[in-house]
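# Build me a model from this:
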Amino acid sequence: MKILHHWRLRPAVLLYLVLLGLSTALGVLVHLIPSAAGQEVNNLPLTHVADIPLPGRATRLDYESYDPDRHLLFIAHLGDGEVIVVDVNASRVVARIPDVSSVHGVLAIPGMSRVYASATGTDEIVAIDEATLKIVARMPGGHYPDGMAYAPDVHKLYASDETGNTETVVDVRTNQRVTTIPLGGEVGNTQYDPQSHHIFVNVQTRNELVEIDPTVDRIVARFPLPGADHNHGLLIDSTDRLAFIACQGNDKLLVFDMEARRVVRSFHVGKDPDVLAFDPGLGRVYVAGEDGVVSIFNVKGPNVAKIGDGRIGPNAHVVAVDPATHHSYFPLKNVDGHPVLRVMAAG
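The predicted model follows:
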């Protein structure tokens with residue numbers, strides 16, 4: 001019986017050795033998706049906490065935005081045309097906000113008790129009251145509105161008008177579009193820098209980073225990005241004076257020095273990097289890609305070091321971080337036929 005048991009294991013052992021040899025020879029790193037809570041993801045300092053079921057069909061989920069005051073996470077369910085609201089403390093969905101056609105971007109502004117979403121299907125920016133979770137206003141959003149940023153000093157929202165080649169500017173006090181800023185190319189993500197009080201925008205078909213002064217709504221500088229190819233994702237670490245730029249055309253993360261105004265580092269990341277998030281307490285940058293691979297970087301002042309890559313789940317191209325708990329949230333459109341919110345804990 002003992003001999004028979006070993007004999008049955010031999011083919012599996014041989015197959016493992018063959019696959020190991022092939023993966024080593026080809027330089028392939030195999031990533032495993034966590035199947036249960038408490039498992040670490042490859043060499044990433046992340047542990048799978050839970051999967052929170054999300055409503056609706058197994059269709060594309062896009063941007064998300066977290067309000068730490070109310071512990072609410074707002075998720076754009078692009079394929080279903082609605083915004084899903086998750087109470088992360090209770091680990092459950094508390095609302096579904098419909099009639100936001102092909103919603104891409106979503107941005108919570110806690111101080112105003114307001115959430116904005118880009119309804120790309122109708123080329124609108126939609127304002128949502130965070131207390132009632134109802135739509136309170138709609139305004140023109142150009143052509144294909146996508147990511148958004150908020151400049152609090154001037155009470156203005158800036159939306160990337162991706163294929164319209166402009167930046168749409170909205171006065172949040174009146175919920176009226178006040179102007180559009182021509183950018184001369186297809187627009188990627190938009191971010192606000194609290195130190196300079198300026199807006200920065202990726203112009204992805206020109207491989208440029210554009211700086212806008214929101215007091216006059218004019219471009220004040222254009223910065224070429226050597227090594228960039230279709231720079232879409234953007235994150236600003238204002239404290240360390242760094243910008244992180246995800247390039248979908250060549251799967252790279254560029255590190256841009258905000259003081260020197262130039263690219264200082266470049267890293268390879270997973271295929272089609274999209275959304276970035278920052279955990280200031282741990283000094284970690286997350287880069288989420290369309291192929292489900294997430295890359296994590298450690299930031300200490302001007303020094304940036306890659307921690308590793310790991311596959312979080314299918315199509316895990318969006319990430320948000322709770323800076324208090326250090327939990328990260330990844331909306332996945334299809335896990336066993338249903339959308340889920342995958343929750344990971346930092347280790």
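
# residues contacting Pro152?
111, 192 (C-beta atoms under 8 Å, 6 or more residues apart in numbering). The way it works is simple: take the backbone N, C-alpha and C, and place the C-beta from them, glycine included.

# could you point out where the stretch 1-150 of the chain is predicted with low confidence?
For the stretch 1-150 of the chain, the stretches flagged by pLDDT under 70 are 1-42.

# where exactly do the strands run in it?
Secondary structure of the stretch 1-150 of the chain (DSSP state E, counting those that start in this stretch): strands at 46-53, 64-67, 72-77, 82-87, 92-97, 103-109, 114-119, 124-129, 134-140, 145-151.

# Ala324: which of these is closest?
strand 64-67 (10.2 Å; C-beta to C-beta).

# Find the centremost residue of this structure, please.
Central residue of the chain (C-alpha atoms, centre = their mean): Val275, 2.4 Å from the mean position.

# returning to what we had before: got the strands of the stretch 1-150 of the chain as JSON lines, with distance to Arg262 and mean neighbour count columns?
What follows is the strands of the stretch 1-150 of the chain, written out as JSON lines (distance: least, C-beta to C-beta, whole Å; neighbours: other C-beta atoms under 10 Å):
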{"stretch": "strand 46-53", "distance to Arg262": "32", "mean neighbour count": "18"}
{"stretch": "strand 64-67", "distance to Arg262": "30", "mean neighbour count": "21"}
{"stretch": "strand 72-77", "distance to Arg262": "33", "mean neighbour count": "25"}
{"stretch": "strand 82-87", "distance to Arg262": "38", "mean neighbour count": "22"}
{"stretch": "strand 92-97", "distance to Arg262": "41", "mean neighbour count": "16"}
{"stretch": "strand 103-109", "distance to Arg262": "28", "mean neighbour count": "25"}
{"stretch": "strand 114-119", "distance to Arg262": "31", "mean neighbour count": "26"}
{"stretch": "strand 124-129", "distance to Arg262": "33", "mean neighbour count": "22"}
{"stretch": "strand 134-140", "distance to Arg262": "36", "mean neighbour count": "15"}
{"stretch": "strand 145-151", "distance to Arg262": "22", "mean neighbour count": "25"}
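
# Now these in TSV, please, with extra columns for distance to Glu162.
Shown next, in TSV, are these (distance: least, C-beta to C-beta, whole Å):
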stretch	distance to Glu162
strand 46-53	29
strand 64-67	18
strand 72-77	14
strand 82-87	19
strand 92-97	22
strand 103-109	8
strand 114-119	9
strand 124-129	13
strand 134-140	15
strand 145-151	5
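
# sorry, back to before: for the residue nearest to the centre of the chain, what are its contacts?
Taking C-beta under 8 Å, 6+ apart, we find Val275 in contact with 63, 233, 288, 317-319.

# Just those: which are in strands?
Per DSSP state E, strands hold the following members of the contacts of Val275: 233, 288.

# could you dump the contacts of Val275 to TSV with neighbour count and distance to Thr132?
Converted to TSV, the contacts of Val275 look like this (neighbours: other C-beta atoms under 10 Å; distance: C-beta to C-beta, whole Å):
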residue	neighbour count	distance to Thr132
Tyr63	25	22
Gly233	26	32
Ala288	29	31
His317	29	30
Val318	23	25
Val319	24	28
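
# List just the nearest of the contacts of Val275 to Pro226.
Using C-beta to C-beta, Gly233 comes nearest to Pro226 of the contacts of Val275, at 17.5 Å.

# picking up where we left off before, any idea how far the residue nearest to the centre of the chain lies from Glu208?
20 Å (C-beta to C-beta, to the nearest Å).

# Next: Ile245.
Distance from Ile245 to Glu208, counting by C-beta to C-beta: 10 Å.

# Then His71?
His71 sits 37 Å away from Glu208, taking C-beta to C-beta as the criterion.

# Neighbour count for those two, which is higher?
The residue with more neighbours, out of His71 and Glu208, is Glu208; 20 against 15, by other C-beta atoms under 10 Å.

# mind listing what the more buried one touches?
185, 202, 222-225, 231.

# Now for those residues: which two are most distant?
Gly185 and Phe223, at 13.5 Å, using C-beta to C-beta across the contacts of Glu208.

# Start from the N-terminal end of this protein and give the helices.
2-26 (DSSP state H).

# Show me the one of the strands of the stretch 1-150 of the chain that comes nearest Thr166.
Thr166 sits nearest to strand 145-151 of all the strands of the stretch 1-150 of the chain, at 9.9 Å, using C-beta to C-beta.

# Against which helices or strands is that closest one packed?
On a contact count with 3 or more C-beta pairs under 8 Å, 6 or more residues apart in numbering; DSSP states H and E, strand 145-151 meets strand 103-109, strand 114-119, strand 124-129, strand 156-161, strand 187-193.
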